[in-house]
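J.: predicted model, plus sequence, below.
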2 protein chains.
Amino acid sequence: MGREGLKTIFLWYLVYVLVISANAAYIKHLNIWPMPMSVSYGYGNLYLSNDFELKTEGTKFSDASGILKDAFLRSIDVVRGTHVIEANSSKIDPSYVLKGIHIVVFSPSDELQHGVDESYKLHIPSQGNPLYAHIEAKTVYGALHGLQTFSQVCYYNISSRGILVHQVPLTIVDQPRFSYRGLLIDTSRHYQPLPVIKKVIDSMTYAKLNVLHWHIVDSQSFPLEIPSYPKLWDGAYSISERYAKRRGINVLAEIDVPGHAESWGVGYPSLWPSADCKEPLDVSNEFTFKLIDGILSGCWQSTPHVRKWLRRNGLNGSEAYQYFVLRAQKIALSHGYEIINWEETFNNFGSKLSPKTVVHNWLGSGVAQRVVEAGLRCIVSNQDKWYLDHLDALWQGFYSNEPLTNITNPKQQALVLGGEVCMWGEHVDASDIEQTIWPRAAAAAERLWTPYDNLAKDPEQVRDRLSYFRCLLNQRGVAAAPLDGFGRAAPYEPGSCYLQ
Amino acid sequence: MGREGLKTIFLWYLVYVLVISANAAYIKHLNIWPMPMSVSYGYGNLYLSNDFELKTEGTKFSDASGILKDAFLRSIDVVRGTHVIEANSSKIDPSYVLKGIHIVVFSPSDELQHGVDESYKLHIPSQGNPLYAHIEAKTVYGALHGLQTFSQVCYYNISSRGILVHQVPLTIVDQPRFSYRGLLIDTSRHYQPLPVIKKVIDSMTYAKLNVLHWHIVDSQSFPLEIPSYPKLWDGAYSISERYAKRRGINVLAEIDVPGHAESWGVGYPSLWPSADCKEPLDVSNEFTFKLIDGILSGCWQSTPHVRKWLRRNGLNGSEAYQYFVLRAQKIALSHGYEIINWEETFNNFGSKLSPKTVVHNWLGSGVAQRVVEAGLRCIVSNQDKWYLDHLDALWQGFYSNEPLTNITNPKQQALVLGGEVCMWGEHVDASDIEQTIWPRAAAAAERLWTPYDNLAKDPEQVRDRLSYFRCLLNQRGVAAAPLDGFGRAAPYEPGSCYLQ
């Protein structure tokens, strides 16, 4: 079919509209991931103008830093991909050519903090002259999500060698179910080069994940720059944080104490109880807390001076652990930081924790229920379902893992901030991180974004759409693995990306 | 150490020169891969100017198409990576600041064909004002290799936050041992998106591979556009070919006949012997040859009309196969194409092949010897050593596989054009192609580039340098796997990239 044939096709299509709540299980041909809150769509097609433009008339957001404009350009880039665009939109009836996207943002602020409004509305009419798509959002970060959704209804058309916008008229009203939709990466066990971290950030935006939990420091290395303690470092953290913010992703930096901190003493050996016994950090040494104070601060029983200090203060090992955590919490609170604790502190001395503490579940299921009953906030990452390094945890389990299991009280439900999939780095480096994260993280991303009632009860109902999303990741250069098999399994036979 | 400290370091270094033949085994600290033909180097360091520039005075190459300029810019990009460059070269003694690179190319032509001169000389003085690195090359493609080598002696320095050029004065005289240094990719068994193919091409240039053998068509799909037979297609071939040429990489398009061609008949069913029996292509149908003629024929015995035709022509199955190949060869030759045949034709009726035939070995070792004894040219890809889809083929075997084994006559040696590592696509898609190719393909790349006498007899002698190259690939965003373990194995424990 030649270019001239295109016009005929547009006119020939019977444009009708199907209005539905966007039920993830039953919308077979709306290949958006994660499924929006509400979608109404038709069966028309539009042609994307060769000069597709961003219009921002009426917006309150000045975009001085260029966040929105850059996001627009990135969206167009991923839509066009590296396709050969040969169709000439000026030869097509302008009523069916989408000239641009009109984005109105109501808040002038680009502050990105937990709980920022991420809602948006996307409307694409089926014809008009001039013809624009429309995005409305309270904040620029909602608009960014709108652009991501828009990019997923654009398709390269091989016959016309142009980009078509499918399923118009399209109206989407969307907002996330949970405010915290995280991915943990671990650059301590293996170094991850900056280009890789940037690609992870880019791919997170495709799935509307919004928190990069960066496990920067562990026993093996300390690749983070703390200006006040320069010896601790060798890395490039701030550049990634800026990069992430411009994509609507919060970076949550994690520095584990008092365990998993062996690497700290490479620069400051006095942090270790002794040269032979390096974990946890020396609880008897004021410099330990001075250092924690400065950056946001085990072998205890076996090291004479620490044991002496413990005896003098009447503390056994677990009491000393509690002392350490609570004192470090106070330091963090005094600096205005939010506190997130891995669940051990809750399990061991939950009643002593500051009520501001967010408890990060990882050990198993059922923890969120106990945490919110205690009035604390919770992030769900139960390892049996949401640890990406568990290669035997399949996408179906990632999809089905429900953070609000057995939590029916709405006030308690509100205390569950969301969840996080965890890409621990023992066996992951630049060679395998992408395919270990994707597509399983995407399955969790829909659980965290899409309203509960719209989620598929049987994950097999969304298999086709998730396969589609994984192929879209591939086309965008992300090494997302096939759905079948264990995590990061190779395709088991020749075949189409859409079927694997 | 602050910025001001840098000057002191430069002056403090004792600059002395070690002149050696670049023996791959014994140059422990020259982290260039593949090892050049000859290297002399010192222990000085230079600072890369923030305004590092390309100078081309005296060149015969007009660079109208921008190949050289683009390659220069890419080199600087990979050197700077996404590092935070904060050092200010204008504050450093200009005698130690490398202001740019002066490239002189002697041939005005940018024609890229098999056997093009790829030699280059690279010289970096230890001081001077103004201070330039120098590349001389017969062709722009030699200059491109020089830029790749240059990029490998540049290092990001964490203390000064700048780029240092190590081991000056440096003089490299270099050229490849073999003219054909190939990588086969197979986009038929699994679709590979264009961004992925482009990345493969980029990474090939880092290892100085120069032929992308594109196995485009197989039984499973026909993703290639043949303008005269449009129904055969759905792909984007030409864009990749241009992309590769600008990087000095020849694209060798493969279309298998008469076997592995089941997919052809999806558009043109008459090519199949029958709807139930689809391979090989119908040798009795003139349209088969007409089609082969237009784009540059199994089931034969079991399909009545083909069997009839065979009987009429007095041909058994293998004679018909021979008839098919030889007739297709004549067609290709009449169009001025080079002919490369997988080794089966040589094994079955080698004496009937055109003397212009290049025989592509794959079944086992020892074939090259028989091919060159018969006076034909050969490309080596013995599957036990150089098939990347054989995950149990380790890098040490890739490194040690010698194309000239048992070939001592210089005239026969000259008939071995080189070799090719093969990335068959049954279990490889966008999610795992990079780490299945790298670093094993790099091990073969050194075998094909570096003079025989300079190659390590024991591959373990080059392990450190190959690890270094794999980390360099990672830093450049290429998902090269750790050296240890089977192909594309995950890292087996936490640790530094340089040790895995």
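T.: Cool, got the structure. Residues are numbered from 1 along each chain as shown, chains lettered A, B, ... in the order given.
J.: assign a three-state SS to A:Leu112, would you?
T.: Secondary structure assignment for A:Leu112 (DSSP: H, G, I helix; E, B strand; the rest coil): coil.
J.: tell me the spacing between the spatially closest residue to it that is not a sequence neighbour and chain B.
T.: In space, and not counting its chain neighbours, A:Leu112 is closest to A:Lys245: 5.3 Å by CB to CB, 6 or more residues apart in numbering or on different chains. In short, each C-beta sits where N, CA and C put it, glycine included. Going from A:Lys245 to chain B by CB to the nearest CB, to the nearest Å gives 16 Å.
J.: now do the strands in the stretch 1-150 of chain A.
T.: For the stretch 1-150 of chain A, the strands defined by DSSP state E, counting those that start in this stretch occupy A:17-21, A:38-55, A:97-105, A:120-124, A:131-137.
J.: looking at chain A, which helix or strand is least sure?
T.: With mean pLDDT, DSSP states H and E as the measure, the helix or strand of chain A carrying the lowest mean pLDDT is helix A:5-12 (a mean of 35).
J.: okay, now the domains of chain A?
T.: A:5-174, A:180-255+A:337-499 (automatic domain parsing).
J.: turn the strands of the stretch 1-150 of chain A into CSV, including mean neighbour count.
T.: Output for these, formatted as CSV (neighbours: other CB atoms under 10 Å in any protein chain shown):
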stretch, mean neighbour count
strand A:17-21, 13
strand A:38-55, 19
strand A:97-105, 23
strand A:120-124, 23
strand A:131-137, 22
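J.: wait, which of the ones you listed is closest to chain B?
T.: Chain B lies closest to strand A:38-55 among the strands of the stretch 1-150 of chain A, at 17.2 Å (CB to the nearest CB).
J.: neighbouring strands - and their directions - for the closest one?
T.: Counting by DSSP bridges, the strands paired with strand A:38-55 are strand A:17-21 (antiparallel), strand A:97-105 (parallel), strand A:162-174 (antiparallel).
J.: any idea how many residues pack against the residue nearest to A:Leu112?
T.: A:Lys245 has 18 neighbouring residues, counting by other CB atoms under 10 Å in any protein chain shown.
J.: re the thing from before, hey, which of the domains of chain A is tucked in deepest?
T.: Highest mean neighbour count of the domains of chain A: domain A:180-255+A:337-499, a mean of 20 (counted as mean count of other CB atoms under 10 Å in any protein chain shown).
J.: how far does it sit from the chain's center?
T.: 7 Å (CA atoms, centre = their mean, to the nearest Å).
J.: can you tell me which helix in chain A is longest?
T.: For chain A, the helix with the greatest residue count under DSSP state H is helix A:317-334.
J.: thought A:Tyr492 was touching A:Leu483?
T.: No. Here A:Tyr492 lies out of contact with A:Leu483, judged by CB atoms under 8 Å, at a distance of 11.0 Å.
J.: any common contacting residues for the two?
T.: The contact sets of A:Tyr492 and A:Leu483 overlap at A:Gln500 (CB atoms under 8 Å, 6 or more residues apart in numbering or on different chains).
J.: give me the mean pLDDT for stretch A:452-459.
T.: Mean pLDDT, stretch A:452-459: 96.
J.: can you give me the end-to-end span of that stretch?
T.: Terminal residues of stretch A:452-459 lie 13 Å apart, using CA to CA, to the nearest Å.
J.: before we move on, what about stretch A:201-210?
T.: 9 Å.
J.: in which helix or strand does A:Ser302 reside?
T.: According to DSSP states H and E, A:Ser302 maps onto no helix or strand at all.
J.: A:Val173 versus that one, what's the distance?
T.: Distance, A:Ser302 to A:Val173, by CB to CB, to the nearest Å: 60 Å.
J.: spatially nearest residue to A:Pro108 (excluding sequence neighbours)?
T.: That would be A:Lys60: by CB to CB, 6+ apart, it lies 5.0 Å from A:Pro108.
J.: and the stretch 401-500 of chain A, which of its residues are near chain B?
T.: Residues of the stretch 401-500 of chain A that fall close to chain B, judged by CB under 8 Å from any CB of the partner chain: A:425-432, A:434-435, A:474-482, A:488, A:490-497, A:500.
J.: which of those residues fall in helices?
T.: Counting by DSSP H, these place A:434-435, A:474-475 in helices.
J.: center of chain A - which residue?
T.: The centroid of chain A falls nearest to A:Leu209 when counting by CA atoms, centre = their mean (2.4 Å).
J.: so who does that residue touch?
T.: Counting by CB under 8 Å, 6+ apart, A:Leu209 touches A:181-183, A:249, A:441, A:445, A:448.
J.: go with 6 Å
T.: Residues near A:Leu209 by CB atoms under 6 Å, 6 or more residues apart in numbering or on different chains: A:181, A:183, A:445.
J.: name the element the residue found closest to it once you drop the neighbours it is linked to in the chain belongs to?
T.: Leaving aside its chain neighbours, A:Leu209 sits nearest to A:Arg181 (4.8 Å; criterion: CB to CB, 6+ apart). If you go by DSSP H and E, A:Arg181 is part of strand A:180-186.
J.: ok, then the element right after that strand?
T.: Taking DSSP H and E, what comes next after strand A:180-186 is helix A:194-206.
J.: that next one near chain B at all?
T.: Yes. Residues of helix A:194-206 are located near chain B by CB under 6 Å from any CB of the partner chain, namely A:194-195.
J.: for that helix, give the mean pLDDT please.
T.: Helix A:194-206 shows a mean pLDDT of 93.
J.: just for the stretch 251-400 of chain A, where's the confidence low?
T.: Scanning the stretch 251-400 of chain A for pLDDT under 70 picks out A:255-284, A:286-301.
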